[in-house]
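Peer 1: okay, here's the prediction I keep looking at, along with the sequence it came from:
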Amino acid sequence: MIQPMQMLAFISMPGHMEWLIILIIALLIFGKRLPELARSVGKSLTEFKKGINEAKESTDELVDDVKKTSSNAVSDDKSSSAKS
């Protein structure tokens, strides 16, 4: 029976020549669709970045609103305690 560690000895990352062969096969299979695929990936990344920026901006606005509200509440509390 083959031990698990012995089996891992036969499975490794492809070397330089193997990557080259994989790239050539991928180009043969997807060659005509690669520009379209790259374009769609680029658009997806752009939309993702826009979404991240919008979420960050809304979070920043929310934090600013909370800070303003808390500072207003503290100043109101100080003014009401000074009257008493």
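Peer 2: Perfect, I can see it now. Numbering: from 1, shown residues only.

Peer 1: next SSE after the worst-scoring helix or strand of the chain on mean pLDDT?
Peer 2: Of all helical and strand segments in the chain, the minimum by mean pLDDT, DSSP states H and E falls on helix 4-10, at a mean of 61. Scanning forward in sequence from helix 4-10 by DSSP states H and E, the next helix or strand is helix 16-30.

Peer 1: give the rounded mean pLDDT of that following helix.
Peer 2: Averaging pLDDT along helix 16-30 yields 89.

Peer 1: contact partners of that helix?
Peer 2: With Cβ atoms under 8 Å, 6 or more residues apart in numbering as the contact definition, helix 16-30 has outside contacts at P14, L34, L37. Using the backbone N, CA and C atoms, a C-beta is placed for each residue, glycine as well.

Peer 1: quick one, grab the pLDDT at I2.
Peer 2: In this model, I2 is scored at 55, pLDDT.

Peer 1: residue numbering should commence at 489 henceforth.
Peer 2: Sounds good: first residue 489 from here, last item I490.

Peer 1: now render the contacts of helix 504-518 as CSV, adding distance to D552.
Peer 2: Formatted as CSV, the contacts of helix 504-518 follow (distance: Cβ to Cβ, whole Å):
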residue, distance to D552
P502, 51
L522, 45
L525, 41
